[in-house]
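Q: no sequence on this one, just coordinates:
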């Protein structure tokens, strides 16, 4: 248990360190909290009320977008000082809770399988790049799983030695999870139906009722609040209609049903369906309840009229829920299973404040870059522009090839730096990255230029403000002319600045580079964990792949069936089957169904434990015969 917990926490802290400055060019891990949760926290602070608002519009159900539990957690951690900075304490809490979740997986597995299988299952959860990544995400998806795992553990104990209080506690914990995330809303009756058969015959109804009633009592305050404030029966949250129509649009490649694929198109459809132009500015106002019920009815109508297509869509989406890192590209929602691995080297871990006042330890102007740098293709053309203020690099027509490299930049080993780069894009698609001398490993998040967004920005195209706040922030940074690239040198004493193509575009890319300065920040912290990083990375890269995990999990299921371990199979499969059935009808991201991936490792552990036991037995027989 200590080894599992230490491994889990170490992997999550390394993932946190790798994300520490996740950089101006992509949405930071916790930027999503600038939306609904942050709004709700501010309401609680303003009105000094946690559950019941003092001021509200009964026809504007914005606060029903999510259950209130996560916003309450934020308020408890930060109080009136809530300002949306780095959320360090909350990240640490989520990392610890997810590490504890790995222990609960060991405890669950130990109740139904041998100790060796329990250890393997716990270590798989501890090492999972998906679980580590989303444990630091700014949503309640990861932290809401822990009470569900404890609920399953208590339910196993209640099955082994019937105790009504264990069943009640199990249902109550499901209710606690629902305060954080609404996905488990009907999990209590599902578990009561599927697992109550393992209770003694005369106790089945009693225990099933205890589980359901306990969960309902915990959920009831939110339901009562929704009824009193908004005069509508809403058990937890109000997004089923949006998720249903978006989920249909995601798999409707030919747009047969005309469902909206994103919030922007939902607003457009609201205007079209109701003939109300004022519906186009906000999904909740006016007439938010009526519009959400109508979206739900339109989605259900598609399901009723096209049952085979809808069932096929659910099956396809359920398949995407069982993915890990792979090379398939199936769409925005499905591809959220693919996450970064633990970096092989220690990451930049300093604050970047005060960089503008720091003196550079190395610098180069466009003339230096042209004279000491070099083109990587005969088709690349370089020239000084604007009286030598810019080095213009006209790339070739390749998709992702590197085009130009700077001279070698000397650095100290195991040291944090920030490379300040002036750059701008004239046309096409390009990226600027910092790499090792062999150009095989990127040391910093690349600067990427996206031509369509740039053209829209320069042409004064339609604004997306209010539709995707995170994307607008990314765009704002992406096309400024001054960039900071923080990086850790690791074991390298030289680095390269590389300009490359970033996809095929209508016109060949033309990038301009201005001055480049290197700022030394200090010794890279936590370098003592360097020996662990390559080990974790190799395991994550080679084990947590769809083509490895799924066959091993299926083999484990077959082995349990051969051994007639029906109770064990039911306990392991109950949670995954619930999410595969109920969530597959709606738009789904990987973080919504994380609970599945605390149980799949149990099946994988069955296969690995059986294989190791078979090898041990054969080796023992060979020794005995010798």
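A: Cool, got the structure. Just so you know, these numbers come straight off a predicted model, no measurement behind them.
Q: remind me which residues of the stretch 451-600 of the chain are low pLDDT?
A: Under the criterion pLDDT under 70, the flagged ranges of the stretch 451-600 of the chain are 451-480.
Q: Could you pull out the helices in it for me?
A: Along the stretch 451-600 of the chain, the segments classed as helices by DSSP state H, counting those that start in this stretch run 451-458, 469-478, 532-543, 546-562, 566-582, 600-625.
Q: Would you mind putting the ones you listed into a markdown table with distance to residue 295 and mean neighbour count alongside?
A: (C-beta placed from N, C-alpha, C; glycine too.) Shown next, in a markdown table, are those (distance: least, C-beta to C-beta, whole Å; neighbours: other C-beta atoms under 10 Å):
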| stretch | distance to residue 295 | mean neighbour count |
| --- | --- | --- |
| helix 451-458 | 28 | 14 |
| helix 469-478 | 22 | 15 |
| helix 532-543 | 39 | 16 |
| helix 546-562 | 33 | 17 |
| helix 566-582 | 18 | 19 |
| helix 600-625 | 32 | 16 |
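Q: mind checking which of the ones you listed is nearest residue 122?
A: Judged by C-beta to C-beta, the one of the helices of the stretch 451-600 of the chain that comes nearest to residue 122 is helix 600-625, at 8.1 Å.
Q: between the closest one and helix 566-582, how many degrees?
A: Angle between the axes of helix 600-625 and helix 566-582 is 150 degrees (criterion: axes from the mean of the first three to the mean of the last three C-alpha atoms, to 10 degrees).
Q: relative orientation of helix 600-625 and helix 532-543 in degrees?
A: Using the same axes, to 10 degrees: helix 600-625 against helix 532-543 is 90 degrees.
Q: Neighbours of residue 502, how many?
A: Neighbour count of residue 502, defined by other C-beta atoms under 10 Å: 24.
Q: In contact with it, which residues?
A: Contacts here follow C-beta atoms under 8 Å, 6 or more residues apart in numbering; on that basis residue 502 touches 400, 429-431, 448-450, 509.
Q: about what we covered before: do you know which of the helices of the stretch 451-600 of the chain lies nearest residue 419?
A: Using C-beta to C-beta, the nearest of the helices of the stretch 451-600 of the chain to residue 419 is helix 469-478, at 15.8 Å.
Q: secondary structure element for the one residue sitting closest to the centre of the chain?
A: Most central in the chain under C-alpha atoms, centre = their mean is residue 134, positioned 4.4 Å from the mean C-alpha point. Element membership for residue 134 (DSSP states H and E) is helix 129-135.
Q: which strands and helices sit next to that helix?
A: helix 2-18, helix 88-112 (3 or more C-beta pairs under 8 Å, 6 or more residues apart in numbering; DSSP states H and E).
Q: among those, which is nearest residue 482?
A: Among those, the nearest to residue 482 by C-beta to C-beta is helix 2-18 (24.4 Å).
Q: Per-residue pLDDT of residue 258, please?
A: As predicted, residue 258 sits at a pLDDT of 89.
Q: Could you list the buried residues of the helix or strand where residue 204 lies?
A: Element membership of residue 204, judged by DSSP H and E, is helix 204-230. Neighbour counts over helix 204-230 (16 or more other C-beta atoms under 10 Å) mark 204, 207-208, 210-216, 218-219, 222, 225-226, 229-230 as buried.
Q: for stretch 270-280, same thing?
A: Using 16+ other C-beta under 10 Å as the test for burial, stretch 270-280 gives 270, 279.
Q: average pLDDT for that stretch?
A: Mean pLDDT, stretch 270-280: 89.
Q: can you check stretch 68-78 too?
A: For stretch 68-78, the mean pLDDT works out to 84.
Q: The residue nearest to residue 91 when sequence neighbours are not counted: neighbouring residues, count only.
A: Counting by C-beta to C-beta, 6 or more residues apart in numbering, residue 136 is the residue found nearest to residue 91 once chain neighbours are left out, at 5.5 Å. Residue 136 has 23 neighbouring residues, counting by other C-beta under 10 Å.
Q: got a list of what residue 606 touches?
A: Contacts of residue 606 by C-beta under 8 Å, 6+ apart are 113, 117, 555-557, 559-560.
Q: Show me the two of these that sit farthest apart.
A: Once C-beta to C-beta is applied, these give 113 and 555 as the farthest pair, at 14.6 Å.
Q: okay, now the domains of the protein?
A: Structural domains assigned to the chain are 145-180+186-235, 355-525, following automatic domain parsing.
Q: mean pLDDT for the ones you listed: which is lowest?
A: When those are compared by mean pLDDT, domain 355-525 comes last with a mean of 80.
Q: what residues are up against the nearest residue to residue 345 once chain neighbours are set aside?
A: In space, and not counting its chain neighbours, residue 345 is closest to residue 490: 3.5 Å by C-beta to C-beta, 6+ apart. By C-beta under 8 Å, 6+ apart, the contact set of residue 490 is 345-346, 413-414, 443, 524, 530.
Q: cool, residue 213 as well?
A: Counted by C-beta under 8 Å, 6+ apart, residue 213 has contacts 168, 171.
Q: Residue 88 now?
A: Remark: with contacts taken as C-beta under 8 Å, 6+ apart, residue 88 is in contact with nothing.
Q: Then residue 542?
A: Neighbour list for residue 542: residue 548 [criterion: C-beta under 8 Å, 6+ apart].
Q: and what of residue 413?
A: The contact partners of residue 413, by C-beta under 8 Å, 6+ apart, come to 489-493.
Q: now do residue 293
A: With C-beta under 8 Å, 6+ apart, residue 293 has these contacts: residue 241.
Q: Residue 204 against residue 193, yeah?
A: No - between residue 204 and residue 193 there is no contact under C-beta atoms under 8 Å: 10.0 Å.
Q: Among the contacts of residue 490, name the buried ones.
A: 345-346, 414, 443, 524.
Q: Quick check: the two most widely separated of the residues you listed?
A: Spatial extent of those (C-beta to C-beta) is set by the pair 414 and 443 at 12.7 Å.
Q: quick one: which of the contacts of residue 490 sit in helices?
A: Judged by DSSP state H, those include no members of helices.
Q: Show me which of these is closest to residue 383.
A: For the contacts of residue 490, the minimum distance to residue 383 (C-beta to C-beta) is 28.1 Å, reached by residue 443.
Q: Please report the distance of that closest one from residue 490.
A: Separation of residue 443 from residue 490 (C-beta to C-beta, to the nearest Å): 7 Å.
Q: Tally up the residues packed near residue 398, please.
A: Using other C-beta under 10 Å, residue 398 has 15 neighbouring residues.
Q: wait, residue 195
A: Other residues close to residue 195 by other C-beta under 10 Å number 23.
Q: which SSE is it in?
A: If you go by DSSP H and E, residue 195 is part of helix 187-195.
Q: cool, residue 396 as well?
A: Here residue 396 is assigned to no helix or strand, by DSSP H and E.
Q: Which residue comes closest to it once chain neighbours are left out?
A: Sequence neighbours aside, residue 379 is the residue nearest to residue 396 in space, at 3.8 Å (criterion: C-beta to C-beta, 6+ apart).
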